[in-house]
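Undergrad: here's my sequence, what's the structure:
(chains A and B)
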Amino acid sequence: MISEQLLTKIKPFIDLQQPQSYYLILSSKTAFQMQLPQDVFYQEGILTFKNKQPVTFYMIYDGQEDLHIEMHFQSYSQVDLIEVKQLEVNCQLHKTMYLEEGATVHVFSENMSKSAQSYEDVYLKSYATCQYGYSELSDDAFEGIYHFYLDGEEASVKVRTAILAKDRESKHYEILIQHNQPMTHGQMDNYGVVKDEGKLVIDGIGTITKGQHGSASHQTNKIMMFDASCQASANPYLYIDDYDVQASHAAAVGKMDEEHLYYLQSRGLSKKQAMQLITYGYLMPVVEVIDNEMMKKHFEQSLSKVGA
Amino acid sequence: MSTLKIENLHVEVGEKEILKGLNLEIHTGEVHAIMGPNGNGKSTLLSTIMGHPKYKVTNGKITLDGQDVLTMSVDERARAGLFLGMQYPQEIPGITNSDFLRAAINAKREEPISLFKFIRMLDKNIEELGMNENLAHRYLNEGFSGGEKKRNEILQMKLLQPRFALLDEIDSGLDVDALRIVAGAINSMRSDDFGCVMVSHYERMFELVQPTHVHVLVQGQIVMSGGYELIEKIDQEGYEWVKELGYEIEQNERQPIILEACGKKGQ
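TA: Next up is the predicted model:
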């Protein structure tokens, strides 16, 4: 059964009592609760979307132990997926997603886990599109290994992460986009904020294998540090094995721009307000992957813990 | 009537003294034009009044109706009624113009402005300034043209209704039509409750916004004050005549521009 504690946590942005709320809550290999729409099926750890009409789906990982799940998105299915990860200490989530030809999947992923790990692989066939927003504001250490494989022509993926490491939390994220077919498009924008002796490492990896002409791999990794006691590292890697491609990377670790602060303060905002607004602007675009007002509001409220 | 008073102001940037005992008194209801060759302290003066951390005041006073401005933080100065229209407004990604403007308006109010009232006020001013409607939803100054940025500064001035506006080359980057619109907006603010200090190099700006006082700033001091005739003289003769008053004209040090590439040589 889903814990009361989790229900209270997700209530501000997910109302599972609504008749139109479709969800799967996964607590262990055998324990789950669900309400599925037509043409969506779950059996023995495999969730399959065969829907012809667009659907919004809530996926909740209430991990008391290691969780394994596979998700299949059939050709031309359209899914908005809102994920909540609540993994207990030392739990691992192993998730694999398969997007068939022309599937369009937008995911907003909210991490509320304790010190845990998540290993995620996403495979995209031709013309499949995936937009993924990772909100990583959890209050504990975390390791996220998120890999995307573009296995069909014209497949495209856009990843945006918003990470907060605070209060001596140590977080590590590895985001890989690998181009295994020509004319594939990958973009990742990883943004982090580190404060109060927090530690954050972001590894952004773009790989274009040989023969994948016309592909584009772009990435930005930025970490803003609030004080000198933090540790942060933003590492971009590009492995390109073809000539006819576009590739770019940018990485920056630094403190908040003084000129930005001055500009906002010169309009009457206090330093604290200015810092909050800048941080908000820095992390907020992660919610743009999904058009969901409740989610946006919830994320805005979550940002208050950045505290500036 | 409010008074912004600057007395014997000395300001350093790094180790270099830029303002060397400057005096100026501005009252609401007045528009002061400040002219002078590049690199003589015009922008330094305006930025120091606003409180930019780069500028260090080593001597002198700035007061607003007797209150010590120099002990105020930047935001306190803004809330006290000072506004700086910047020469190079910052681009800040992720913050929409409307979120920023609303936060700025609320910073001066006890009760936050209602969304409806804010939108009505914003739409009205955007239209008056001939700005693009989608500007409210774009990120603050990001990707704005030079002219759009300057209009956005004026938009902020109109929404924030300061007692004293300091406009630093607000006309640069504006085409003829935009210049007329911006000048119209500044003129529309003129009242007994509004004072303005404008820095510009061009007579055209001061034709459209007629100053009540004109000052020439050279070597960190105001060397001459007068009326519109001073602007005409500068427009015709430049600043050479200032030397006859015994002042050397300081020129910006010319330094070679170093271009650095992040790619490999030849690429």
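Undergrad: how near is residue B:234 to residue B:179?
TA: According to Cβ to Cβ, to the nearest Å, residue B:234 stands 18 Å off from residue B:179. In short, each C-beta sits where N, CA and C put it, glycine included.
Undergrad: isn't residue A:55 right up against residue A:22?
TA: Yes: assessed by Cβ atoms under 8 Å, residue A:55 is found in contact with residue A:22 at 6.6 Å.
Undergrad: now do the shared contacts for these two.
TA: Taking Cβ atoms under 8 Å, 6 or more residues apart in numbering or on different chains as the criterion, residue A:55 and residue A:22 both touch A:37, A:40.
Undergrad: assign the residue in the stretch 201-308 of chain A that chain B sits nearest to to helix, strand or coil.
TA: Nearest residue of the stretch 201-308 of chain A to chain B: residue A:281, at 2.6 Å (Cβ to the nearest Cβ). Three-state call for residue A:281 (DSSP: H, G, I helix; E, B strand; the rest coil): helix.
Undergrad: in space, what's closest to it - neighbours in sequence excluded?
TA: Distances taken as Cβ to Cβ, 6 or more residues apart in numbering or on different chains put residue B:94 closest to residue A:281, at 2.6 Å, once the chain neighbours are dropped.
Undergrad: hang on, that neighbour is in a strand, isn't it?
TA: Yes: applying three-state DSSP, one finds residue B:94 inside a strand.
Undergrad: interface residues of chain B facing chain A?
TA: Applying Cβ under 8 Å from any Cβ of the partner chain, we find that chain B lies next to chain A at B:50-53, B:73-75, B:77-79, B:83-84, B:86, B:89-90, B:92-95, B:99-100, B:103-104, B:107-108, B:139-140, B:156, B:160.
Undergrad: buried ones from those, can you make that a ChimeraX selection?
TA: Burial among those is assessed by 16 or more other Cβ atoms under 10 Å in any protein chain shown; the matching ChimeraX selection reads:
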select /B:50,51,52,74,75,77,78,79,83,84,86,89,90,92,94,95,99,100,103,104,107,108,139,140,156,160
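Undergrad: from memory residue B:210 sits against residue B:32, does it?
TA: No: if you go by Cβ under 8 Å, residue B:210 and residue B:32 don't touch, sitting 11.7 Å apart.
Undergrad: more crowded one of the two?
TA: With neighbours defined as other Cβ atoms under 10 Å in any protein chain shown, residue B:210 and residue B:32 compare such that residue B:32 has more, 22 against 14.
Undergrad: what residues of the helix or strand hosting the more buried one count as buried?
TA: Assessed by DSSP states H and E, residue B:32 sits inside strand B:31-35. Using 16+ other Cβ under 10 Å as the test for burial, strand B:31-35 gives B:31, B:32, B:33, B:34, B:35.
Undergrad: show me where chain A has helices.
TA: Secondary structure of chain A by DSSP state H: the helices cover A:4-10, A:258-265, A:271-283, A:293-302.
Undergrad: out of those, which comes closest to residue A:106?
TA: The minimum distance between residue A:106 and the helices of chain A falls on helix A:293-302, with 11.3 Å, by Cβ to Cβ.
Undergrad: starting at the chain centroid, how far to that closest one?
TA: Distance of helix A:293-302 from its chain centroid, counting by Cα atoms, centre = their mean, to the nearest Å, is 15 Å.
Undergrad: and the angle from that helix to helix A:271-283?
TA: On the basis of axes from the mean of the first three to the mean of the last three Cα atoms, to 10 degrees, helix A:293-302 is oriented at 140 degrees to helix A:271-283.
Undergrad: run through the neighbouring helices and strands of helix A:293-302.
TA: Applying 3 or more Cβ pairs under 8 Å, 6 or more residues apart in numbering or on different chains; DSSP states H and E, one finds that helix A:293-302 contacts strand A:104-111.
Undergrad: tell me how far the strand it packs on is from the chain's mean position?
TA: The answer for strand A:104-111 is 6 Å, by Cα atoms, centre = their mean.
Undergrad: low-confidence stretches in chain A?
TA: Along chain A, segments meeting pLDDT under 70 span A:1-3, A:307-308.
Undergrad: from the centroid of it, which residue is nearest?
TA: Centroid-nearest residue in chain A, with Cα atoms, centre = their mean: residue A:134, separated by 1.9 Å.
Undergrad: restricting to C-alpha, output stretch B:101-110 in CSV.
TA: Once non-C-alpha atoms are left out, stretch B:101-110 reads as follows in CSV (Å, rounded to 0.1, in the frame of the first residue of the first chain):
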residue,chain,number,x,y,z
LEU,B,101,8.6,43.8,-13.6
ARG,B,102,6.0,42.6,-11.2
ALA,B,103,8.6,41.8,-8.5
ALA,B,104,10.1,45.2,-9.0
ILE,B,105,6.7,47.0,-8.6
ASN,B,106,5.9,44.9,-5.6
ALA,B,107,9.3,45.7,-4.0
LYS,B,108,8.1,49.3,-3.6
ARG,B,109,4.6,48.4,-2.3
GLU,B,110,3.3,47.1,1.0
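Undergrad: so what touches it?
TA: The contact list for stretch B:101-110, computed with Cβ under 8 Å, 6+ apart, reads A:264, A:267-270, A:273, A:277, B:75, B:78-79, B:112-113, B:118, B:122, B:136, B:155-156, B:159-160.
Undergrad: pLDDT (mean, whole number) over that stretch?
TA: Stretch B:101-110 shows a mean pLDDT of 92.
Undergrad: residues in contact with the closest residue to chain A within the stretch 151-267 of chain B?
TA: Closest to chain A within the stretch 151-267 of chain B is residue B:156: 6.3 Å, counting by Cβ to the nearest Cβ. Listed by Cβ under 8 Å, 6+ apart, the contact set of residue B:156 reads A:267, B:83, B:85, B:101, B:104.
Undergrad: for the strand or helix carrying it, buried residues please.
TA: In this assignment (DSSP H and E), residue B:156 forms part of helix B:146-160. Neighbour counts over helix B:146-160 (16+ other Cβ under 10 Å) mark B:147-160 as buried.
Undergrad: got the CA positions of that helix in CSV?
TA: Listed next in CSV are the C-alpha coordinates belonging to helix B:146-160 (Å, rounded to 0.1, in the frame of the first residue of the first chain):
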residue,chain,number,x,y,z
GLY,B,146,20.0,47.5,-28.5
GLY,B,147,16.9,49.6,-29.1
GLU,B,148,14.6,47.1,-27.4
LYS,B,149,16.8,47.1,-24.3
LYS,B,150,16.7,50.9,-24.0
ARG,B,151,12.9,50.9,-24.4
ASN,B,152,12.7,48.3,-21.7
GLU,B,153,14.7,50.6,-19.4
ILE,B,154,12.1,53.3,-20.1
LEU,B,155,9.3,50.9,-19.6
GLN,B,156,10.7,50.1,-16.1
MET,B,157,11.1,53.8,-15.3
LYS,B,158,7.4,54.4,-16.2
LEU,B,159,6.2,51.5,-14.2
LEU,B,160,8.4,52.3,-11.1
